[in-house]
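Engineer: What shape does this take:
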Amino acid sequence: MMIGDDKFFVVALVLAIIFAGLAVYLIMLDIKLSKIEKRVMQKNATATLNQLAETK
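Structural biologist: Got it, this is the predicted structure:
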């Protein structure tokens, strides 16, 4: 009876570690993408302002 319980806890622990790692990875990826999006938006805003200044 103990051997089966031990295997269950090992499998549960391994799955918990995998899901925790995946969650951390996705959060870090989201942070990096947010930074890239901000840079792109700033470049687009700057380019738009430059185009408006040139047309006047």
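Engineer: contacts, neighbours, all on C-alpha from now
Structural biologist: Will do.
Engineer: show me where pLDDT drops low in this protein?
Structural biologist: Applying pLDDT under 70 to the chain flags residues 1-3, 56.
Engineer: Tell me where it has helices.
Structural biologist: In the chain, the helices defined using DSSP state H lie at 2-55.
Engineer: Against residue 47, how distant is residue 53?
Structural biologist: Taking Cα to Cα, to the nearest Å as the measure, residue 53 falls 10 Å from residue 47.
Engineer: What is the neighbour count of residue 29?
Structural biologist: Close neighbours of residue 29, defined as other Cα atoms under 10 Å, add up to 11.
Engineer: still on that earlier bit, residue 53 and residue 47: who's more crowded?
Structural biologist: Taking other Cα under 10 Å, residue 53 and residue 47 do not tie; residue 47 has more neighbours (12 against 9).
Engineer: quick one: that one and residue 24, what's the gap?
Structural biologist: Relative to residue 24, residue 47 is positioned 35 Å away (Cα to Cα).
Engineer: Ok, residue 9 next?
Structural biologist: According to Cα to Cα, residue 9 and residue 24 sit 22 Å apart.
Engineer: ok, now residue 44?
Structural biologist: Taken as Cα to Cα, the span from residue 44 to residue 24 is 30 Å.
Engineer: now residue 52
Structural biologist: For residue 52, the distance to residue 24 - Cα to Cα - is 42 Å.
Engineer: Could you do residue 53 as well?
Structural biologist: For residue 53, the distance to residue 24 - Cα to Cα - is 44 Å.
Engineer: Ok, residue 31 next?
Structural biologist: Residue 31 sits 11 Å away from residue 24, going by Cα to Cα.
Engineer: Tally up the residues packed near residue 39, please.
Structural biologist: The number of residues near residue 39, taken as other Cα under 10 Å, comes to 12.
Engineer: Next: residue 15.
Structural biologist: Neighbour count of residue 15, defined by other Cα under 10 Å: 12.
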